[in-house]
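Engineer: next comes the sequence, and after it the predicted model I'd like to discuss.
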Amino acid sequence: MRMEDTPRRRPYNVTLDPLLVAEARALGVPLSATLEEALRVRTAEARAKKWRADNAAAIVDYNERIAQDGVFSDGLRRF
């Protein structure tokens, strides 16, 4: 992603445990960057979970076909 493609940051209101926030600040943990990274991780996990659910039937079909017919290189492999 090019720098000009990066969306501008916007403020959002969130509700957080005040003791946790106080400890994080005391330890120098950057709140916005930490939340942003956590959201990236959780979003990637959710996207992967959705992909698996959306493609579950195709994956089952593919695995059944491979179990029944094998793969094209079965007679070519030397390992």
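Structural biologist: Structure's in. What do you need? Residues are numbered from 1 along each chain as shown.
Engineer: which strand or helix spans T43?
Structural biologist: helix 31-54 (DSSP states H and E).
Engineer: now do V60
Structural biologist: helix 56-69.
Engineer: residues contacting that helix, please?
Structural biologist: R52 (C-beta atoms under 8 Å, 6 or more residues apart in numbering). Yep, even glycine has a C-beta here, placed from its N, CA and C like the rest.
Engineer: mind redoing it with 10 Å?
Structural biologist: 52, 55, 71, 74 (C-beta atoms under 10 Å, 6 or more residues apart in numbering).
Engineer: try stretch 14-31
Structural biologist: Under C-beta under 10 Å, 6+ apart, the answer for stretch 14-31 is 34-37.
Engineer: want to try JSON lines for these, with pLDDT as columns?
Structural biologist: Output for the contacts of stretch 14-31, formatted as JSON lines (pLDDT from 0 to 100):
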{"residue": "T34", "pLDDT": "97"}
{"residue": "L35", "pLDDT": "96"}
{"residue": "E36", "pLDDT": "95"}
{"residue": "E37", "pLDDT": "97"}
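Engineer: looking at this structure, which helix or strand is least sure?
Structural biologist: Within the chain, no helix or strand scores below helix 56-69, which has a mean of 95 by mean pLDDT, DSSP states H and E.
Engineer: how far does it sit from its chain's centre?
Structural biologist: 25 Å (C-alpha atoms, centre = their mean, to the nearest Å).
Engineer: with stretch 45-62 instead?
Structural biologist: On C-alpha atoms, centre = their mean, the centre of stretch 45-62 falls 14 Å from the chain's centre.
Engineer: go on, stretch 16-31?
Structural biologist: For stretch 16-31, the distance to the chain centre is 25 Å (C-alpha atoms, centre = their mean).
Engineer: what's the end-to-end length of it?
Structural biologist: 11 Å (C-alpha to C-alpha, to the nearest Å).
Engineer: and that stretch, average pLDDT?
Structural biologist: Here stretch 16-31 scores 97 as its mean pLDDT.
Engineer: for the remainder of this discussion, apply numbering that starts at 36.
Structural biologist: Right, with 36 as the first residue, what we last looked at is stretch 51-66.
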